[in-house]
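> how would this look folded up:
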Amino acid sequence: MLPDICRTSTFRMAASFAGSFALFTLLLFAFIYWQTTSVETARIDSALNRDAEALSRIPIASIIEELKVRLAADYHRGTFVGLFDAEGRPVVGNLDQLPANFPLDGHPHHFVIGKRHNADEIVTMISRRLENRQILLLGRSLDSLDNLRDSVIRALEEGVIPAVLLSLLVGLHLSRRAQRQIKSVHQSAERIMRGDLRERLPVQGNFDDFDRLATSVNHLLDEIERLVREVKNTTDNIAHDLRTPLTRVRSRLERARETAQSHAELQELVDRSIVGLDQTLRIITALLRISQIETGQRRAAFAPVNLATIIHEIAELYEPIAEEKGIQFLKHVEEEIVVWGDRDLLCEAVANIIDNAIKFTPNEGEINLSLKCSSGTPSICVSDTGPGIPEEEREAVIRRFYRSDKSRHIEGCGLGLSIVDAIIKLHGFELSMRQGQNNIGCICEILCIETYS
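The predicted structure follows:
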C-alpha cells in the first residue's frame, strides 16, 4: 500500500515541494549566517582598530591603567590585551607572550590561541608599536560567531526538519485520498467498458481538479450515450424503412414469377419492383450523404458564396414545380450577401426546405423564398401556407427517419431535414422553425451567423 502511495504524482509533488523548501531554507540560513558573521567580524575589527588607535595616543601609564580596567570588567573572558616591551616580554595583560609569527602591521588578523581550560579558540587581534618601541596587542574572542552558528543549526533542526516531515505526511494523506478517487474512477471506467453506459464518474462536490475532470468526462459520456442511443434508433429505423420496400420488391418479384401471364404484365411488375429498389437506394444515399457532411471534410472546399445567386437558381428550378401544383411561388432578395461556405451544400439545404414546403403546401397555397438581413444577421427564409410543424415536434423533425402521423401518406423517407441540419451545423449557421402568421404554415429560417467580408 505504501509503495503505491509513494508512486503517486501527488506524493511526488509533495516530496518535491518539501525538498525544494528544505533546500531553499538551507540556502537562506546559510546566507543569513554568512551575512551576520561578515557584519559582526567587520564590527569587531573596526572596534579593535579604533581602540588600538586611541590607546596608542595616550601615555604608557594611562595605557597600563586602561588595560587593567578592561581586564577587571571582562566577566566573559572574551577580551585579550597585552603590553610587551621592546624585547617581547609581557608588561601587563592576560597574554603571557607574543603569539608566534603574528604580523605586527597594525591590521586585524585571526589567530588561534589556547585559553585557560586548554581549549583552542579563534580570536581577532590587532597590534600597534608604540613610540618607546613597546608593542600593544588587543584581541576579541569570536565565540559569538560560534554561538550564532550553533543557533542556526539548532533552528534548522527544530524548524526545517519537522516542516519537511510534516510536508511528507501531508503528501501521504493527499496521495491516499487521490488514490481512493482514482480507484473509484477506475472502477467506474471498468463498468463503462463492460457496456454500462449509464455509469458516471464520481463527483465529490469539492470543486477540485478531480471534480472538474469527472464533470467533463461525464458530459462526454452523456454525449456518447446519446450518440449510441441515436445510432441504435437510426439502425432500427433503417431496418424498418428498408424492410418495407424490400419486402414489397420481394413480393412483387414472387408474384411476377408465379402469376405473370404475359411479357407486359411481367414488365409492369418488374418496373414496380425497380421503383421500390430506387426508394431503398435513395435512403442509403441520403444516409451516406449525412455521414459525409457530418465528418466535416467538406470544410476544406469552403469559398465565398453569393446567397443571392443561390436564391435565384432555386427559385428558377422550383417555381415551375410549384406552379404545376397550383402553388404561388414568391421570391424576394433585399441585398446581395456573401458567406463563407460550400455552394453546392447550401443549394442542397435550401432545395430540401423548398421541396418539403411544396410537398406539404396545399393547392392554391403560397411559398415565399427570401434573402434578408435583420439586426446585422443575414438569413434565408422559407415560408409556406401548409399545416405547419407543431412546437413539440420541431426538434424531432430533424432526426433521421422521423415522420409525423399527418405526413406518413406523403412520399419521402424522413431524411430531408436531417441533411439540412447537418449542412447548417457544418457551416456554423443556425436553423429555426416557427409558426407562420395567424398560425398558418411554417417559417424555416437559416441564420447565416458566419459571413464573409
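
> mind giving me the domain split of this protein?
Listed domain ranges for the chain are 1-199, 230-294, 300-447 (source: automatic domain parsing).

> Compare these and give me the one nearest residue 217.
Nearest of these to residue 217, taken as Cβ to Cβ: domain 1-199 at 8.5 Å. Backbone N, C-alpha and C define where each C-beta goes, glycine included.

> how close does the closest residue to residue 55 other than its chain neighbours sit to residue 137?
Ranked by Cβ to Cβ, 6 or more residues apart in numbering and with sequence neighbours excluded, the top spatial neighbour of residue 55 is residue 63, at 5.3 Å. Computed as Cβ to Cβ, to the nearest Å, the residue 63 to residue 137 distance reads 12 Å.

> my read: residue 325 touches residue 363, true?
Yes. Shown here, residue 325 and residue 363 form a contact pair, counting by Cβ atoms under 8 Å, at 6.2 Å.

> Looking at these two, which one has more neighbours?
Between residue 325 and residue 363, counting by other Cβ atoms under 10 Å, residue 325 is the more crowded of the two (15 against 7).

> tell me the contacts of that one?
Residues in contact with residue 325 (Cβ atoms under 8 Å, 6 or more residues apart in numbering) are 358, 361, 363.

> which residues of the stretch 201-350 of the chain fall in strands?
Using DSSP state E, counting those that start in this stretch, the strands of the stretch 201-350 of the chain run over 303-306, 328-333, 338-341.

> quick one on the thing from earlier: what residues does the residue nearest to residue 55 make contact with?
Residues in contact with residue 63 (Cβ under 8 Å, 6+ apart) are 55, 83, 130, 136.

> can you check residue 202 too?
By Cβ under 8 Å, 6+ apart, the residues touching residue 202 are 181, 184-185, 188, 214.

> what's the distance between it and residue 325?
59 Å.

> And for residue 351?
Going from residue 351 to residue 325 by Cβ to Cβ gives 16 Å.

> Could you do residue 256 as well?
33 Å.

> for residue 35, same thing?
98 Å.

> before we move on, the earlier item: hey, least reliable of the domains of the chain by pLDDT?
In terms of average pLDDT, domain 230-294 trails the rest of the domains of the chain, at a mean of 71.

> quick one, what contacts residue 228?
Going by Cβ under 8 Å, 6+ apart, residue 228 touches residue 197.

> For residue 421, see how far away it is.
Going from residue 228 to residue 421 by Cβ to Cβ gives 19 Å.

> What of residue 449?
Counting by Cβ to Cβ, the gap from residue 449 to residue 421 is 15 Å.

> need the longest helix for the protein.
Taking DSSP state H as the criterion, the chain has its longest helix at helix 209-259.

> which ones are touching the closest residue in space to residue 331 that isn't next to it in sequence?
In space, and not counting its chain neighbours, residue 331 is closest to residue 315: 4.3 Å by Cβ to Cβ, 6+ apart. For residue 315, the contact set (Cβ under 8 Å, 6+ apart) comprises 329, 331, 369.

> ok, the first one - contacts?
Looking back up the chat, that one is residue 329. Residues counted as contacts of residue 329 (Cβ under 8 Å, 6+ apart) are 315, 318-319, 322-323, 367, 369.
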